[in-house]
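> Got a sequence here, can you model it:
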Amino acid sequence: ARLVESGGGLVQPGGSLRLSCAASGFTFCNYAMSWFRQAPGKERVLVATITSTGDNTFYPDSVKGRFTISRDNADNRVYLQMNSLKLEDTAVYYCNAKIHVRGNLRNDYWGQGTQVTVAF
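Predicted coordinates for the structure are as follows:
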């Protein structure tokens, strides 16, 4: 299994970025997909999740209304549209794929991360 993130970079506060994650080596349409981020010296935290069909999404309050997760099951990609970026959004952003079978986590895949820096 492989997840490859792209789209990170440097952006000014208030700006936008769109992250992309290309998946391969597993049945993408069966997996819930998420984006996490990790700032220097802090824990990795969830920023968005989308179900396997794309019918449901979840966002923590910190990004709700600013970030949008979406997926293309035909192209094996998941996206994170980030608007109204703030300084505190600076972090390495990671793509994650999970599948549960009978309530138990079966597989848990991670990408290598892409840096997002919000600065003047």
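
> which ones are touching L85?
Listed by Cβ atoms under 8 Å, 6 or more residues apart in numbering, the contact set of L85 reads V11, Q12, P13, G14, G15, S16, L17, R66, V116, V118. Any C-beta I mention is one placed from the backbone N, CA and C, and that applies to glycine too.

> Tell me the spacing between S84 and D61.
14 Å (Cβ to Cβ, to the nearest Å).

> So the two - more neighbours on which side?
S84 (13 against 6; other Cβ atoms under 10 Å).

> Quick check: phi and psi at the more buried one.
phi 50, psi 50 (degrees, to the nearest 10).

> got it, and the one 4 residues further on?
For E88, the backbone dihedrals (degrees, to the nearest 10) come out as phi -70, psi 0.

> what about it, distance to V63?
E88 is 10 Å from V63, by Cβ to Cβ.

> the more surrounded of the two?
Neighbour count, other Cβ under 10 Å: between E88 and V63, V63 has more, with 23 against 10.

> most surrounded residue in the contacts of L85?
Counting neighbours by other Cβ under 10 Å, V116 comes out on top of the contacts of L85 with 22 neighbours.
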